[in-house]
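A.B. asks: no sequence for this one, just the structure:
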């Protein structure tokens, strides 16, 4: 039984769930959802910690708080995350993560309009 977008065979599901009440089915579905959320959360946490750690080190080393830090940290973090896929993937992952980090940081740094 799967609560994710994984492949499911309805015929196989009927065979494995024969004799199981709806309460038991719901319990199994929620357990699977919880496991999936935990795995996803750990992955996001690792990526966030990697990026934040690299950005913090760069900001401390450069002693500046500007747009270079998140872009450079994104490039390094993207490269580290893609390190097992070859040099092209490292470069591409670095560029993609740098662009995303720069866009997010630019959006958060822009001045809000004072319409008061």
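C.D. replies: Right, received. Where do you want to start? Since the structure is predicted, the reported quantities are computational estimates derived from the model, not experimental observations.
A.B. asks: what helix or strand is residue 36 on?
C.D. replies: helix 22-62 (DSSP states H and E).
A.B. asks: Which elements pack onto that helix?
C.D. replies: In terms of contacts (3 or more CB pairs under 8 Å, 6 or more residues apart in numbering; DSSP states H and E), helix 22-62 is packed against helix 68-81. Any C-beta I mention is one placed from the backbone N, CA and C, and that applies to glycine too.
A.B. asks: So what touches the helix it packs on?
C.D. replies: 47, 50-51, 54-55, 58-59, 62, 90-91, 93-102, 104-105 (CB atoms under 8 Å, 6 or more residues apart in numbering).
A.B. asks: Which secondary structure state does the residue lying farthest from the centre of the chain sit in?
C.D. replies: In the chain, counting by CA atoms, centre = their mean, residue 19 sits farthest out from the average C-alpha position, at 38.4 Å. When classified by DSSP: H, G, I helix; E, B strand; the rest coil, residue 19 comes out as coil.
A.B. asks: returning to what we had before: list buried residues within the contacts of helix 68-81.
C.D. replies: In terms of neighbour count (16 or more other CB atoms under 10 Å), the buried residues within the contacts of helix 68-81 are 50-51, 54-55, 58-59, 90, 93-94, 97-98, 101-102, 105.
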